[in-house]
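K.L.:
got a predicted structure plus its sequence, pasted below:
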Amino acid sequence: MSVCVTLVSARRAVAPACLWTGWSGWRKACAGGFRLVPSRARSGTRPGAAGKLLRDGEDRKAVICVEGNIASGKTTCLEYFSKTSSIEVLTEPISKWRDVRGHNPLALMYQDPLRWGITLQTYVQLTMLDRHLSAVAAPVRMMERSIFSAKYIFVENLFRSGKMPEVDYAVLSEWFDWITANICIPVDLIVYLQTSPQTCHERLKQRCREEEKVIPLEYLESIHQLYEEWLIRRTSWPVPAPVLVIPADHNLQRMLHQYEENRAKILAASCL
Ligand SMILES: Nc1ncnc2c1ncn2[C@@H]1O[C@H](COP(=O)(O)OP(=O)(O)O)[C@@H](O)[C@H]1O
Ligand SMILES: Nc1ccn([C@H]2C[C@H](O)[C@@H](COP(=O)(O)O)O2)c(=O)n1
């Protein structure tokens, strides 16, 4: 049985490098785990890292982000690779999004996106940044989604569909631009699980997460379009790493087979 997999060529995002002149207090506070990459750094440093804060040792570890629509199978994919000793897996911090000091911003966002979209997305941005910056234990890290898809897919979707006021979008965008200009967020490979929105709708209903019962097919279609614009057509936002596209509409057994077939390509990210 032939399985089609595409490796799309690299086109690294180059966020504006920023030379830190002040903030000495913050730099001292970060001194334990972070260093400031010299603004003139060239060889041996990640592209785009100059002038940014970088977690110590992070430039020697590979980071792979698994991207895809809601219920496309990302967690299942991560579960599969979590059995490999050289890979550590980080799922999305969804339990935090469902319970921050007793509040459920995920549920609130689905109930009233105009009011609560910024609340959820601000928290998603913070918790995803925390995921990106947490110390890597294994040679390879696979993480579910990224701070990039949080902004380029979910914030963008809320705004474009008229479910986020312009001022909320502007504030989130300012935060995102500051973070990516000043902090190095290394990504070596994006694994894109490419599904049809219909497949995701079926899997979503099967998973039956309480907050997501209100999600219509049209919502998944919008998310799908934004992913395709970003990672396939490349007409929207910078892509921070090479993209490995894995068609993911197949049944579980065939998906696991595809993951095995792609193991070498995925692990090759650690040699980049
Ligand atoms: N290839 C597949 N075929 C059928 N069902 C799947 C497949 N992969 C995952 N599922 C099921 O679909 C639902 C969503 O999968 P999940 O891995 O949680 O997606 P995501 O993390 O992308 O939201 C789960 O109930 C899961 O068991
Ligand atoms: N920036 C984000 C990220 C995720 N969500 C929502 C979408 C889903 O309801 C849920 C988790 O998604 P999954 O891992 O199942 O694909 O969180 C969001 O609204 N904004």
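P.N.:
Now that the structure is in, tell me what you want to look at. Ligands and ions are numbered 1, 2, ... in the order given.

K.L.:
what kind of secondary structure is residue 137 in?
P.N.:
coil (DSSP: H, G, I helix; E, B strand; the rest coil).

K.L.:
I should have written residue 38 there, sorry.
P.N.:
Under three-state DSSP, residue 38 comes out as coil.

K.L.:
give me every residue that touches it.
P.N.:
Applying C-beta atoms under 8 Å, 6 or more residues apart in numbering to residue 38 gives the contacts 50-51. To be clear about C-beta, it is placed using only N, CA and C from the backbone, and glycine gets the same treatment.

K.L.:
can you tell me the closest non-neighbouring residue to residue 220?
P.N.:
Of all residues not flanking residue 220 in the chain, residue 197 sits nearest, at 4.0 Å (C-beta to C-beta, 6 or more residues apart in numbering).

K.L.:
also residue 143?
P.N.:
residue 90 (4.1 Å).

K.L.:
quick one: neighbours of the one you found, just the number.
P.N.:
Residue 90 has 19 neighbouring residues, counting by other C-beta atoms under 10 Å.

K.L.:
and it, what does it touch?
P.N.:
131, 134, 141-144.

K.L.:
distance check, it against residue 167.
P.N.:
Distance of residue 90 to residue 167, computed by C-beta to C-beta, to the nearest Å: 32 Å.

K.L.:
for residue 253, same thing?
P.N.:
48 Å.

K.L.:
now swap in residue 68 and tell me
P.N.:
In terms of C-beta to C-beta, residue 68 sits 30 Å off from residue 167.

K.L.:
who has more neighbours, the two?
P.N.:
Applying other C-beta under 10 Å to residue 68 and residue 167 shows that residue 68 carries more neighbours, namely 24 against 9.

K.L.:
the more buried one against residue 195, yeah?
P.N.:
Yes - the pair residue 68 and residue 195 passes the contact test of C-beta atoms under 8 Å, sitting 6.4 Å apart.
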